[in-house]
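1. Here is my input; please provide its structure:
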Amino acid sequence: MRLYFIGGASGSGKTAVMPHLKELLGDDIAVYDFDDIGVPEGADKKWRQESTEKWLQKLLSEGKDACLLGQIVLGEILACPSAKQIGKINFCLLDVNDFERIGRLKKRNTYGADQNMLNWAAWLRMHNQDPQWASHVIQEDAASIMDFTKLSALKSYEEVANVKILDTTDLALHEVAAQLADWVNHTENTEHSQPIPNTGYMLEFNAPNAYNTIDQKLFAFNKLCVPATQKPEVINLNFTIKNGDEVIAGLCADVYIWQILYLSVFFVEENYRHQGLGAILLNKVEEKAKQLGATLSHLDTFDFQAKDFYMKHGYQIFGVLDDCPKGHKRYYMKKVLV
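-> Sure thing, here's the model as predicted:
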């Protein structure tokens, strides 16, 4: 389920662009008008915030891709109870210069053609770039359901939202719709994010920095189980051989956490093989690792790579993975460094 939110002050084109956007998105993504929920006379900030939560509940219960346009505020979405079920928020702010905004509102002959609307538009413009900007505007006298803890801790929206600001000043409605449709179809989603039933947890696919986050947590756990015996805890040992400006061979390795050597990437250009370059690199890495206190080295290699080379230099096979890839073997090898 992918959700997209499009907001902006009056006169930015949110309502006018809807039919054009619906036509471009077709049946793949539902398009909703925030005001369809029903706007009572004297609707205020609390009503807007409570209505935002109702919309989130509706969209989540329907479980389909959708785009919601209207008087929605990014920081208020983040503060809603249901926001934790969405994952990363896709938010686009429609904007327009002050002169054009007032001109549009005067043509509509409705409310908002005044300085208060320009002030609101200016605040939204800043709010969508800086989560800390005059946050009292939405936090003071807020609806009781709002929890602004997450918003108050943010220095930027990078980790919690994909934010776009689209200036519609010089764009026709069909051009605005085309840019919005392109944003909807190409925004990176963590699909990409979906709630795990009967829990408050979210399952994310390819979330930003996922590998680094999990790797750091595992690394910390490992040190709790077996304390590190070296500093720094990962020491890179990367050696290359060059012919002029060209790198013709190289070995990249690490001595990690418990003074163990791991050979990661090893390659010699075909035209330079059988000249002893591989042996020079391996000996250099092992020598440096032993100086750092390493007593064990390990690696993995395929049957079409350098198994025999490693065995010639004292490595032993301790594991074999068959059909990796199909019809081949992957060898896991070790060597005691003395």
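
2. C-alpha only now, for contacts and for neighbours.
-> Noted.

3. from what I can see, V255 looks like it's in a strand, true?
-> Yes - assessed with DSSP: H, G, I helix; E, B strand; the rest coil, V255 lies in a strand.

4. before we move on, what SS does the nearest residue to it once chain neighbours are set aside have?
-> In this structure, V255 finds its nearest non-sequential neighbour in L261, 4.4 Å apart by CA to CA, 6 or more residues apart in numbering. Recorded secondary structure, L261: strand (three-state DSSP).

5. for the chain, what helix or strand is lowest in average pLDDT?
-> Evaluated with mean pLDDT, DSSP states H and E, the helix-and-strand set of the chain has its lowest mean pLDDT in strand 193-195, which scores a mean of 70.

6. The following helix or strand past it pairs with which strands, and in what direction?
-> Proceeding N to C from strand 193-195, the next assigned helix or strand is strand 202-204, under DSSP states H and E. Paired with strand 202-204 in the same sheet, following DSSP bridges, are strand 193-195 (antiparallel).

7. Off-centre distance for stretch 240-251?
-> If you compare the mean C-alpha spot of stretch 240-251 with that of the full chain, they lie 36 Å apart, counting by CA atoms, centre = their mean, to the nearest Å.

8. same check, this time on stretch 101-120
-> 37 Å.

9. how far does it stretch from start to finish?
-> Length of stretch 101-120, first residue to last, CA to CA, to the nearest Å: 12 Å.

10. Pull out the buried residues from it.
-> When burial is assessed from 16 or more other CA atoms under 10 Å, stretch 101-120 yields the following buried residues: R101, I102, R104, L105, G112, A113, M117, L118.

11. And the closest residue to D254 other than its chain neighbours, how far from Q139?
-> Sequence neighbours aside, N236 is the residue nearest to D254 in space, at 4.6 Å (criterion: CA to CA, 6+ apart). Using CA to CA, N236 is found at 49 Å from Q139.

12. what's the span of stretch 96-116 from first residue to last?
-> End-to-end span of stretch 96-116 (CA to CA): 15 Å.

13. And the contacts of that stretch?
-> Contacts made with stretch 96-116 from outside it, assessed by CA atoms under 8 Å, 6 or more residues apart in numbering, are listed as S10, G11, S12, L118, D167, T168, T169.

14. switch to 6 Å and redo it
-> Residues external to stretch 96-116 that are found in contact with it (CA atoms under 6 Å, 6 or more residues apart in numbering): G11, S12, D167, T168, T169.

15. I'd say the residue nearest to V255 and L237 touch.
-> No - with the criterion set as CA atoms under 6 Å, L261 and L237 do not qualify as a contacting pair; they are 9.3 Å apart.

16. and the two? which has more neighbours close in?
-> Taking neighbours as other CA atoms under 10 Å, L261 and L237 compare with L261 leading, 31 against 18.

17. burial of the closest residue in space to L337 that isn't next to it in sequence, as a residue count?
-> With sequence-adjacent residues excluded and distances taken as CA to CA, 6+ apart, L337 is closest to T295, at 4.6 Å. Summarising burial for T295: neighbours were counted as other CA under 10 Å, giving 17.

18. again with the one 5 residues further on
-> Burial of D300 is recorded as 19 neighbouring residues (other CA under 10 Å).

19. Look at it and give its secondary structure.
-> Once three-state DSSP is applied, D300 turns out strand.

20. Who is the nearest residue to it once chain neighbours are set aside paired with across the strands?
-> Sequence neighbours aside, Y332 is the residue nearest to D300 in space, at 4.4 Å (criterion: CA to CA, 6+ apart). Y332 has the following beta-bridge partners by DSSP bridges: D300, G319.

21. Quick check: Y332 vs Y256, distance?
-> Distance from Y332 to Y256, by CA to CA: 18 Å.

22. just L24 next, same as before
-> 53 Å.

23. and if you look at M126?
-> Per CA to CA, M126 is found 45 Å from Y256.

24. Which residue of those two possesses the greater neighbour count?
-> Summary of the neighbour comparison: M126 and Y256, criterion other CA under 10 Å, with Y256 having more neighbours (19 against 13).

25. ok, that one - contacts?
-> E233, V234.

26. picking that back up, so the residue nearest to L337 touches K334, yeah?
-> No - when contacts are counted by CA under 6 Å, T295 is not listed as touching K334 (10.8 Å).

27. What backbone torsions are found at the nearest residue to L154 once chain neighbours are set aside?
-> Of all residues beyond its chain neighbours, the one nearest L154 is P131 (6.4 Å), with distances taken as CA to CA, 6+ apart. When quoted as degrees, to the nearest 10, the phi and psi of P131 stand at phi -60, psi -20.

28. Can you report how many residues neighbour P131?
-> Using other CA under 10 Å, P131 has 18 other residues around it.
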